[in-house]
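Colleague: Starting from these lines, generate the structure:
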Amino acid sequence: MADVEVTELLHVMRRIVFVLCVSLGCALSVAQAAPRDVAPGSQDYLKRSRDGWFFYQEPPAPAEEEEDEEDSRPLPESFKQLPEKIWSEPEKYKDTLKSLPINGVDLSKLPSVFLRELVTAKKEAAMDTPTVETVKTYIVVQQAAYDRASQFTDSYQLAMYVNPELNYESKHPSSEFGHRLEAHIKQQDEDHTLMQASQYAGLFFFFTSTCPYCLDQSKIMKLFQDQYGMSVFPVSIDGTGLPEYPRPHVDNGMVERLGVHMTPMVYLAIPEEKFLTPIGAGIMTLSDLRERVLVILKRRDMLKPQQG
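Modeller: Model (predicted):
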């Protein structure tokens with residue numbers, strides 16, 4: 001019984017050895033038939049079993065790119081014979097440019113100042129002699145100028161995109177939402193400026209009690225005072241007050257010294273700087289008054305008398 005089991009075991013082992021030999025022979029045949037110049041990274045690269053795990057082979061050298069014949073083509077003889085100054089002062093050679101042939105010329109390589117004058121010259125030539133050929137020449141040159149301008153526009157936009165500090169819209173947005181937000185921020189800053197200025201500046205309001213414009217202006221002056229805290233000194237030329245200012249200051253000769261000859265009249269005063277200037281006569285809206293005060297506060301050095 002034991003001899004039978006040993007015999008069967010030997011038969012099984014012989015079959016296993018036979019199968020392994022057949023498999024190994026097939027693998028070697030496939031490996032020898034596989035191409036050796038399979039590029040790394042391709043799907044066939046992992047099938048190169050005969051090269052082993054540590055196989056290394058220099059990749060094939062990249063094919064040399066052929067030079068662009070169009071970029072390296074020389075200028076035609078007609079361009080080589082042009083005066084040297086025509087490249088820097090093409091506007092002085094308009095007649096030459098009108099008749100200059102452009103066949104075989106890479107217009108994209110021409111200087112921008114030269115190309116600009118060439119477009120003008122070819123346009124005039126086409127209008128002087130409107131043939132199919134002259135108009136075609138003008139269109140070709142004009143298209144080259146358009147392409148140059150389009151390339152500049154793209155480069156300009158890219159320069160702003162990758163350098164946000166150069167982009168005007170980053171500080172002054174053009175969208176509707178951006179406009180509203182910018183206006184809101186600006187108004188907040190201006191309101192803060194006016195409230196700070198109320199600590200050192202004030203307004204003189206000259207009026208007469210019989211002036212209908214003075215009555216309306218007094219309401220605006222009162223609103224400005226309440227909104228920004230800036231003092232308003234009402235000065236009645238005829239000595240009578242208004243509902244908004246029932247107890248005004250009486251003129252003590254200030255009207256004559258300042259030359260106030262119409263009402264209502266508003267002056268801005270900064271006592272510490274001995275600064276006094278008119279900001280408007282006649283009726284002004286609240287926004288007008290606000291804007292004028294802001295401008296004068298910002299630029300008051302321009303209104304001060306020069307020393308020496």
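Colleague: my guess is residue 237 contacts residue 262, does it?
Modeller: No. Under the criterion of CB atoms under 8 Å, residue 237 makes no contact with residue 262, lying 10.2 Å away. Heads up, the C-betas are built off the backbone N, CA and C, glycines and all.
Colleague: Would you mind measuring the gap between the ends of stretch 126-134?
Modeller: Terminal residues of stretch 126-134 lie 5 Å apart, using CA to CA, to the nearest Å.
Colleague: Name the residues of it that are buried.
Modeller: Judged by neighbour count using 16 or more other CB atoms under 10 Å, the buried positions of stretch 126-134 are 126, 134.
Colleague: What lies in contact with that stretch?
Modeller: Outside of stretch 126-134, the residues that reach it under the criterion CB atoms under 8 Å, 6 or more residues apart in numbering are 98, 122, 125, 135, 137-138.
Colleague: that older thread, which one's more surrounded, residue 237 and residue 262?
Modeller: A direct count of neighbours by other CB atoms under 10 Å for residue 237 and residue 262 places residue 237 higher, at 20 against 11.
Colleague: ok, the more buried one - contacts?
Modeller: The neighbourhood of residue 237, defined by CB under 8 Å, 6+ apart, consists of 206-208, 251, 255, 260, 263.
Colleague: Looking at neighbours, which among the contacts of stretch 126-134 is most surrounded?
Modeller: Neighbour counts for the contacts of stretch 126-134, by other CB under 10 Å, peak at residue 122, which reaches 24 neighbours.
Colleague: tell me the contacts of that one?
Modeller: Applying CB under 8 Å, 6+ apart, one finds that residue 122 lies in contact with 97-98, 134, 137-138, 141-142.
Colleague: domains for this protein, by residue range?
Modeller: Split into domains by automatic domain parsing, the chain comes to 75-160, 190-301.
Colleague: Just name the most buried of the ones you listed.
Modeller: Among those, ranked by average contacts under mean count of other CB atoms under 10 Å, first place goes to domain 190-301 (a mean of 16).
Colleague: Between the two ends of that domain, what distance do you get?
Modeller: For domain 190-301, the first-to-last residue distance is 19 Å (CA to CA).
Colleague: phi, psi of residue 282?
Modeller: Main-chain dihedrals, residue 282, degrees, to the nearest 10: phi 80, psi 180.
Colleague: so what's it up against?
Modeller: Contacts for residue 282 (CB under 8 Å, 6+ apart) come out as 213, 262, 264.
Colleague: For the closest residue to the last one other than its chain neighbours, give its distance to residue 158.
Modeller: Nearest residue to residue 264, sequence neighbours excluded (CB to CB, 6 or more residues apart in numbering): residue 217, at 4.1 Å. When CB to CB, to the nearest Å is applied, the distance between residue 217 and residue 158 equals 54 Å.
Colleague: one step back: please tell me the pLDDT value assigned to the residue nearest to residue 264.
Modeller: As predicted, residue 217 sits at a pLDDT of 94.
Colleague: and what of residue 63?
Modeller: Per-residue confidence (pLDDT) for residue 63: 63.
Colleague: swap in residue 67?
Modeller: On pLDDT, residue 67 comes in at 48.
Colleague: where does the stretch 201-308 of the chain have low pLDDT?
Modeller: Within the stretch 201-308 of the chain, the segments meeting pLDDT under 70 span 303-308.
Colleague: Which parts of it are strands?
Modeller: Secondary structure of the stretch 201-308 of the chain by DSSP state E, counting those that start in this stretch: the strands cover 202-207, 231-236, 249-250, 265-270, 275-281.
Colleague: Kindly reformat those strands as a markdown table containing distance to residue 152.
Modeller: What follows is the strands of the stretch 201-308 of the chain, written out as a markdown table (distance: least, CB to CB, whole Å):
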| stretch | distance to residue 152 |
| --- | --- |
| strand 202-207 | 52 |
| strand 231-236 | 55 |
| strand 249-250 | 64 |
| strand 265-270 | 48 |
| strand 275-281 | 46 |
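Colleague: Which among the ones you listed is found nearest to residue 91?
Modeller: Shortest distance between residue 91 and the strands of the stretch 201-308 of the chain, using CB to CB, is found for strand 275-281: 49.8 Å.
Colleague: now that closest one against strand 202-207, angle please.
Modeller: Put simply, strand 275-281 runs at 50 degrees to strand 202-207, going by axes from the mean of the first three to the mean of the last three CA atoms, to 10 degrees.
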